[in-house]
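>>> what's the 3D shape of this:
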Amino acid sequence: ESERLRRVGQSVVGRWQHLKVGEAFTALKERTIELHDMRTSGEKVVRRWRQLDLGRGLASWREHAGRQRRLREVSEKIVRRWQQAGAWAALARWIDRTRESERLRRVGQSVVGRWQHLKVGEAFTALK
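Predicted coordinates for the structure are as follows:
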């Protein structure tokens, strides 16, 4: 009888141990599923944020491109009107005269600079 009770006791203890191990594996499985779901939903949120940022960037670029296109159209229209009205020739002459004036100013500065260096050199030579 005592042998039978011992086997029954071992059987009960074994079942209880298997039950505890099973509960541990069940808890582990549930936690793994929970973490996977959290990670998946987090990735979805991040993906939505990135798409939102890309969408904003694309919209901003489209607005900028539209403004640039409008500015180009307006400037081309102005140039056509100037060409047709004869103002283009006057503007071209003004641009040429401005460039020539700037060139002469630079040449004059160069001449003055060389003359000043020559005078300084003559002063040092006279001191010797």
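>>> how much space is there between the one residue sitting closest to the centre of the chain and Arg67?
The centre of the chain sits closest to Gly57, judged by C-alpha atoms, centre = their mean, with a distance of 9.4 Å. Distance check for Gly57 against Arg67: by C-beta to C-beta, to the nearest Å, it reads 16 Å. Every C-beta, even on glycine, is put in place using the N, C-alpha and C of the backbone.
>>> Let me know the pLDDT of the residue nearest to the centre of the chain.
Per-residue pLDDT puts Gly57 at 77.
>>> where in this protein is pLDDT low?
The model of the chain has pLDDT under 70 over residues 16-19, 21, 128.
>>> Now do the helices in this protein.
Remark: helices assigned in the chain by DSSP state H are 2-85, 87-127.
>>> what angle sits between the shortest one and helix 2-85?
For helix 87-127 against helix 2-85, the angle between stretch directions is 100 degrees (axes from the mean of the first three to the mean of the last three C-alpha atoms, to 10 degrees).
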